[in-house]
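Peer 1: Below: sequence and its predicted model.
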Amino acid sequence: MLTLVCVLVWWQATRPATTPATTAAGSAATRGCPLPPRIQPGDPPLQTPVPGGMALPAIGDARLQPLAGFSIQARVLGREDYRLGREAEFSPTDLALGWGRMTEDAVLSHLQISQSSRWYRYRWSDAPPIPLQEIIRSSANMHMIPADDAVAAALRRIERGDRVRIDGWLVQVEGEDWRWRSSLTRDDSGGGACELVYACSITPE
């Protein structure tokens with residue numbers, strides 16, 4: 001039996017935020033949350049460069065730095081909501097997402113998937129249903145930061161087993177004395193491997 005985990009990573013920063021606080025509001029089409037290039041149906045998650053000069057609205061006294069465009073079609077393997085902790089001010093929900101063969105019932109029926117404390121875990125008995133590296137490359141725990149009230153409402157409606165499309169930006173959140181940074185690869189696992197997604201759009205598929 002094997003457990004793979006992804007944990008929220010915080011560390012000390014050495015410089016304060018430099019962008020004045022603003023409020024993120026409006027729809028995905030607003031200037032505050034422009035859509036990145038969008039994934040084609042059936043493709044793995046699409047990560048794209050950030051356009052020069054692009055900026056995202058601050059949240060309170062924290063600055064959001066876009067690190068990459070991000071577009072994904074996936075099956076929801078699990079969701080967990082959070083109310084406590086500094087991170088919950090930005091990300092109220094984690095979604096464990098799967099793509100490729102990690103969307104198939106024949107695979108998922110052999111895995112026990114759970115989330116807690118911003119961690120994502122999967123277990124199996126005897127042998128994994130697909131190679132371990134494929135599980136790692138085809139699933140991830142993602143901390144969701146909704147860009148506006150409409151996206152937040154869409155996020156609240158998402159349930160385990162749903163198929164969704166999410167378009168937005170992988171980000172770093174930076175305050176006066178801390179940082180929270182997204183992973184920028186789908187090949188990692190363990191501490192620091194979670195994506196931190198500023199979601200411009202969440203739609204059912």
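Peer 2: It's in.

Peer 1: Count the residues that sit near the residue nearest to Pro128 when sequence neighbours are not counted.
Peer 2: Spatial nearest neighbour of Pro128, chain neighbours left out: Ile135 (6.3 Å); criterion: CB to CB, 6 or more residues apart in numbering. (C-beta placed from N, C-alpha, C; glycine too.) Look at Ile135: counted by other CB atoms under 10 Å, it has 22 neighbours.

Peer 1: Arg121 is in contact with Ile135, correct?
Peer 2: No. Assessed by CB atoms under 8 Å, Ile135 is found out of contact with Arg121, at 11.8 Å.

Peer 1: In contact with the residue lying closest to Ala199 once chain neighbours are set aside, which residues?
Peer 2: In this structure, Ala199 finds its nearest non-sequential neighbour in Gly168, 4.2 Å apart by CB to CB, 6+ apart. Each residue near Gly168 by CB atoms under 8 Å, 6 or more residues apart in numbering is listed here: 33, 36, 70-71, 147, 197-201.

Peer 1: Equivalent analysis for Leu170, please.
Peer 2: Contacts of Leu170 by CB under 8 Å, 6+ apart are 47, 66-70, 182-184, 195-198.

Peer 1: Can I get the buried part of the residues you listed as one PyMOL selection?
Peer 2: The PyMOL selection below is limited to those of the contacts of Leu170 classed as buried (16 or more other CB atoms under 10 Å):
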select buried, resi 47+66+67+68+69+70+182+183+195+196+197+198
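
Peer 1: No further queries at this time; thank you.
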